[in-house]
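[1] Make a model of this:
(one chain, ligands or ions: 1)
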Amino acid sequence: MDGRTGWNGSEDGQMTTSVAGAIERIPRVPLATLPTPLHEARRLRDALGGPDRCPRILLKRDDLTGLALGGNKARKLEFLVADALRGGATILVTTGGAQSNHARMTAAAGRMVGLPTSLVLSAAAGERDVQGNLLLDRLLGAEVTFVEPASDPMKLTGPDEAAALAELEAALRARGERPYLVPLGGSTPLGVLGYVAGALELEGQLEAAGERPGRLYVACGSRGTAAGLVLGARLAGASYVVHGVAVSGGDPASTGFAVEIANGAAELLGSDVRLTTGDFATDQSQIGPGYGRSTRGSVEAIELLARSEGILLDPVYTAKAMAGLVADVRDGAVDPAATVVFLHTGGQPALFAHAAELAASTAQDTGEDRARR
Ligand SMILES: Cc1ncc(COP(=O)(O)O)c(C=O)c1O
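    Okay, the predicted model is just below:
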């Protein structure tokens with residue numbers, strides 16, 4: 001098919017319909033409450049200097065997908081869980097860090113379709129308190145196996161994870177189970193389809209509102225979300241460039257992986273669009289001391305959105321993505337006359353696992369700041 005005249009790279013509205021049709025032919029179980037809201041954050045813009053300094057900011061609220069407290073993984077899991085059911089799985093298995101939102105949402109998705117979940121979580125001894133996402137894993141009845149985390153704080157998971165996973169799978173099979181492995185972050189070509197669909201949903205909302213944003217900010221971990229957004233934006237002829245903000249190390253390999261799974265998703269859709277590393281811009285400036293470790297910018301971002309809009313970010317992903325947006329506004333790297341989208345990918349349960357640190361570094365509002373203004 002010609003990449004310009006078919007649905008594989010042109011700019012007309014028909015293409016969006018064709019992509020939507022291709023997605024509809026792939027099995028999917030409804031897990032998320034969709035569409036998620038899109039709304040303007042006017043007070044945040046004011047807090048960042050107003051129209052002279054800050055672009056209009058539209059918040060896409062994927063923290064409100066509703067699967068056991070919401071978040072981005074619900075969109076990916078709709079396709080992955082359908083695949084598990086099709087293959088006759090009796091149990092879901094996945095991995096992540098101690099406070100993995102993906103693990104919590106996989107456990108909830110399993111329950112929604114009648115499957116238990118077994119989790120392998122990379123967690124240091126001090127991170128194993130039953131709090132935040134780990135508490136929710138417990139309430140959802142997920143089986144948890146802990147492994148030591150990576151000694152390199154830039155990495156998402158520990159060195160023993162693969163071995164523990166293989167051992168767990170063998171033990172489950174010996175018990176007569178048929179385990180379905182959901183890879184880290186649900187970031188496979190099938191999982192990526194969740195955010196191709198998400199990009200189409202967003203495009204419909206932007207078109208209906210007459211908006212043509214120039215950039216979309218999103219937190220990047222295992223990269224499946226960004227992969228789906230970049231592919232979806234290309235297929236839908238979106239006006240914006242996806243601007244990823246990394247929360248862990250791993251580049252350039254992570255970008256290579258994003259390209260691979262995005263192109264795998266394009267293949268599943270029967271599209272001949274192929275992305276390259278140049279399609280993925282990922283800001284590396286907000287990682288700080290490592291994955292899950294706060295920075296001044298991330299704590300400030302949490303406070304800023306909470307106190308300007310009454311909206312909570314999470315400490316691991318969205319706080320760093322918002323810190324990236326704030327830094328760009330302050331550096332004049334985004335045109336104040338433009339509009340940007342910030343994708344809120346959820347993750348708030350982890351706030352409670354960071355309570356002591358956040359309480360210590362967040363100033364109480366004494367009214368003095370307001371009096372000064
Ligand atoms: C709240 C939140 N935001 C963003 C991400 C990043 O998504 P991805 O792993 O697809 O890059 C995650 C991944 O776990 C997440 O939990």
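[2] and the closest residue to the ligand within the chain, what element?
    In the chain, the residue that lies nearest the ligand is residue 347 (2.8 Å; CB to the nearest ligand atom). For the C-beta atoms, the positions are set from N, CA and C on the backbone; glycine is no exception. Residue 347 belongs to no helix or strand when elements are defined using DSSP states H and E.
[3] Next: residue 274.
    Here residue 274 is assigned to no helix or strand, by DSSP H and E.
[4] same question, residue 59
    Residue 59 belongs to strand 56-61, assigned by DSSP H and E.
[5] can you list contacts of that strand?
    36-41, 44-45, 202, 205, 211, 213, 216, 309, 311, 325, 338-344 (CB atoms under 8 Å, 6 or more residues apart in numbering).
[6] distance between the lengthiest helix in the chain and the chain's centre?
    In terms of residue count, the longest helix belonging to the chain (DSSP state H) is helix 189-209. Mean-position distance between helix 189-209 and its chain equals 13 Å (CA atoms, centre = their mean, to the nearest Å).
[7] continuing past that helix, what's the next helix or strand?
    strand 215-220.
[8] Could you show which parts of the stretch 51-200 of the chain are in contact with the ligand?
    71, 72, 101, 102, 185, 187 (CB under 6 Å from any ligand atom).
[9] can you pick the most crowded of those?
    Most neighbours among these, by other CB atoms under 10 Å: residue 72, with 33 neighbours.
[10] My read is that that residue contacts residue 314, right?
    No. Counting by CB atoms under 8 Å, residue 72 stays clear of residue 314, with 10.8 Å between them.
[11] So for those two, which residues contact both of them?
    101, 346.
[12] rewinding a little: between helix 189-209 and the helix or strand just after the strand holding residue 59, find me the angle.
    Remark: after strand 56-61, the chain's next helix or strand is helix 73-86, criterion DSSP H and E. Relative orientation of helix 73-86 versus helix 189-209 (axes from the mean of the first three to the mean of the last three CA atoms, to 10 degrees): 140 degrees.
[13] got the CA positions of helix 73-86 in CSV?
    Written as CSV, here are the backbone C-alpha positions of helix 73-86 (Å, rounded to 0.1, in the frame of the first residue of the first chain):
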residue,chain,number,x,y,z
LYS,A,73,-1.6,0.4,32.1
ALA,A,74,-5.3,-0.2,31.8
ARG,A,75,-5.2,0.6,28.1
LYS,A,76,-2.4,-1.9,27.4
LEU,A,77,-4.0,-4.6,29.6
GLU,A,78,-7.2,-4.5,27.5
PHE,A,79,-5.3,-6.2,24.7
LEU,A,80,-2.9,-8.3,26.8
VAL,A,81,-5.6,-9.8,29.0
ALA,A,82,-7.7,-10.6,25.9
ASP,A,83,-4.7,-12.5,24.5
ALA,A,84,-4.3,-14.4,27.8
LEU,A,85,-7.9,-15.5,27.7
ARG,A,86,-7.7,-16.5,24.1
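[14] Can I get the helix or strand just after it as CSV, trimmed to CA atoms?
    Under the assignment DSSP H and E, the closest C-terminal helix or strand after helix 73-86 is strand 91-97. Coordinates of each C-alpha in strand 91-97 appear next as CSV, following Å, rounded to 0.1, in the frame of the first residue of the first chain:
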residue,chain,number,x,y,z
ILE,A,91,-3.0,-17.2,35.9
LEU,A,92,-1.3,-13.9,34.9
VAL,A,93,2.3,-13.3,35.8
THR,A,94,4.2,-10.1,35.7
THR,A,95,7.1,-8.1,37.1
GLY,A,96,8.1,-4.7,38.2
GLY,A,97,9.5,-2.6,41.0
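[15] and the very next helix or strand once past strand 91-97, what other elements does it pack with?
    Sequence order places helix 101-112 as the next helix or strand after strand 91-97, per DSSP H and E. Judged by 3 or more CB pairs under 8 Å, 6 or more residues apart in numbering; DSSP states H and E, helix 101-112 is in contact with helix 73-86, strand 91-97, strand 117-122, helix 132-139.
[16] In CSV, list the ones you listed along with mean neighbour count and mean pLDDT.
    Shown next, in CSV, are these (neighbours: other CB atoms under 10 Å; pLDDT from 0 to 100):
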stretch, mean neighbour count, mean pLDDT
helix 73-86, 25, 98
strand 91-97, 26, 96
strand 117-122, 25, 97
helix 132-139, 21, 98
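[17] My guess is residue 245 contacts residue 321. True?
    Yes. Using CB under 8 Å, residue 245 is in contact with residue 321, at 4.2 Å.
[18] So what's the residue count around residue 279?
    Neighbours of residue 279 using other CB under 10 Å come to 19.
[19] Nearest residue to it in space, please, no chain neighbours.
    Spatial nearest neighbour of residue 279, chain neighbours left out: residue 230 (5.4 Å); criterion: CB to CB, 6 or more residues apart in numbering.
[20] residues contacting the one you found?
    By CB under 8 Å, 6+ apart, the contact list for residue 230 reads 242, 258, 262, 275, 279, 280.
[21] ok, now residue 298?
    Taking CB under 8 Å, 6+ apart, we find residue 298 in contact with 286, 288, 315, 319, 320, 322, 323.
[22] got the buried residues for stretch 299-314?
    299-305, 308-309, 311-314 (16 or more other CB atoms under 10 Å).
[23] so, in contact with the ligand or not, it?
    Yes. Remark: stretch 299-314 sits within contact range of the ligand at residue 314, by CB under 6 Å from any ligand atom.
[24] Only alpha carbons, please: show that stretch as CSV.
    C-alpha atoms of stretch 299-314 as CSV (Å, rounded to 0.1, in the frame of the first residue of the first chain):
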residue,chain,number,x,y,z
VAL,A,299,8.6,17.3,44.5
GLU,A,300,8.0,20.9,43.3
ALA,A,301,5.9,19.5,40.4
ILE,A,302,3.7,17.5,42.8
GLU,A,303,3.1,20.6,45.0
LEU,A,304,2.5,22.8,42.0
LEU,A,305,-0.2,20.8,40.4
ALA,A,306,-1.8,19.9,43.7
ARG,A,307,-1.9,23.5,44.8
SER,A,308,-2.9,25.1,41.5
GLU,A,309,-5.4,22.5,40.2
GLY,A,310,-6.2,20.1,43.1
ILE,A,311,-4.8,17.3,41.0
LEU,A,312,-2.3,14.7,42.4
LEU,A,313,0.7,13.5,40.4
ASP,A,314,2.7,10.4,41.4
